[in-house]
Structure formats: C-alpha cells, structure tokens
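Undergrad: got a predicted structure plus its sequence, pasted below:
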Amino acid sequence: MKKIIVTGGNGFIGSNLINFLIKKKFFIINIDNNKYSSDPYLLKKINSKNYRYYKMDIRSNNIFKLMTKFKPNAIFNLAAETHVDRSIENPKDFLNSNIYGTFNILEQIRKYRKKFKKRIKLVHVSTDEVYGDLKNNF
C-alpha cells in the first residue's frame with residue numbers, strides 16, 4: 001500500500017485530497033498545525049485504519065521521524081499561509097510557513113534520502129499568493 005504524507009491536510013484543498021486518496025486506498029499521514037485556515041471538521045467522518053493525523057508545524061524536525069516511521073512514497077505540501085491581507089499585516093508568518101517550512105520539508109527529504117537511500121516524491125501545491133498571478137500571455 002502506498003503511503004502519502006499530506007501537509008496542510010485540514011485545509012479545504014488538503015481535506016478534499018485526503019478524502020480522495022483514502023477512497024483510492026492510500027495510507028495517509030496528515031500533518032497540520034491547525035491555524036486559522038484549518039477546519040478539522042472536514043475530516044471528522046474518516047473512519048479508516050489507513051489514516052493518521054499529527055498536529056505539527058512543518059518547520060519541525062519531527063517530520064523526519066514520521067518519514068522514518070511510515071516510509072512514505074510521496075509528500076503533498078499544501079501547508080501555506082495564503083491570505084493576502086494577513087501577509088501585509090504580518091509577513092513573518094508567511095516567511096515562516098511558506099519559505100522556511102517548505103525548506104524544512106526539503107531538508108528532511110534530503111536527510112531521509114541520504115540515510116535510507118530511498119527517494120520520496122514531493123508535490124508542492126499552493127496559491128497565487130505564493131506563486132504570483134498567472135499572466136494572460138496566451
């Protein structure tokens with residue numbers, strides 16, 4: 001059975017992804033810090049032995065421990081600060097999550113790969129607040 005870590009799994013996109021992957025018979029490890037954009041209610045109906053939830057910041061080195069324990073095939077990184085108004089009010093939160101958090105995930109994957117000689121796919125999903133607007137250059 002393939003194992004997937006989903007960061008930001010209690011958000012709107014993350015919870016829908018988790019519900020989809022559970023139906024496809026994946027083992028899911030959900031990591032979410034439960035901040036303002038999280039809604040744990042979206043996953044309350046999951047009653048599966050193939051689902052685990054960990055309240056954790058993506059800047060934590062405990063991500064490596066979870067990777068070591070579960071040996072995932074892939075990580076979907078959906079954990080990000082996304083509200084533009086909040087980024088203007090407090091840009092530090094955005095740097096901590098979107099930059100340092102993503103960097104930490106990459107570092108934990110590098111460390112895992114070095115120790116276990118096993119690759120993990122990383123799918124980084126975000127919004128226009130992170131990537132910028134898509135210009136209409138077609």
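TA: Nice, thanks for sending it over.

Undergrad: show me what contacts residue 104?
TA: For residue 104, the contact set (Cβ atoms under 8 Å, 6 or more residues apart in numbering) comprises 58-61, 63. For every residue, glycine as well, the C-beta is placed using N, CA and C.

Undergrad: can you show me the CA trace of the longest helix anywhere in the chain as CSV?
TA: If each helix of the chain is counted by residues according to DSSP state H, the longest one is helix 102-116. Coordinates of each C-alpha in helix 102-116 appear next as CSV, following Å, rounded to 0.1, in the frame of the first residue of the first chain:
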residue,chain,number,x,y,z
THR,A,102,8.9,24.3,2.7
PHE,A,103,12.7,24.5,3.1
ASN,A,104,12.5,22.3,6.1
ILE,A,105,10.4,19.7,4.3
LEU,A,106,13.0,19.6,1.5
GLU,A,107,15.8,19.3,4.1
GLN,A,108,14.0,16.4,5.8
ILE,A,109,13.6,14.6,2.5
ARG,A,110,17.3,15.1,1.7
LYS,A,111,18.2,13.8,5.1
TYR,A,112,15.9,10.8,4.7
ARG,A,113,17.2,10.0,1.2
LYS,A,114,20.8,10.1,2.4
LYS,A,115,20.1,7.8,5.4
PHE,A,116,17.8,5.3,3.7
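
Undergrad: name the residues of it that are buried.
TA: Buried residues in helix 102-116, defined by neighbour count with 16 or more other Cβ atoms under 10 Å: 102, 104-105, 108-109, 112.
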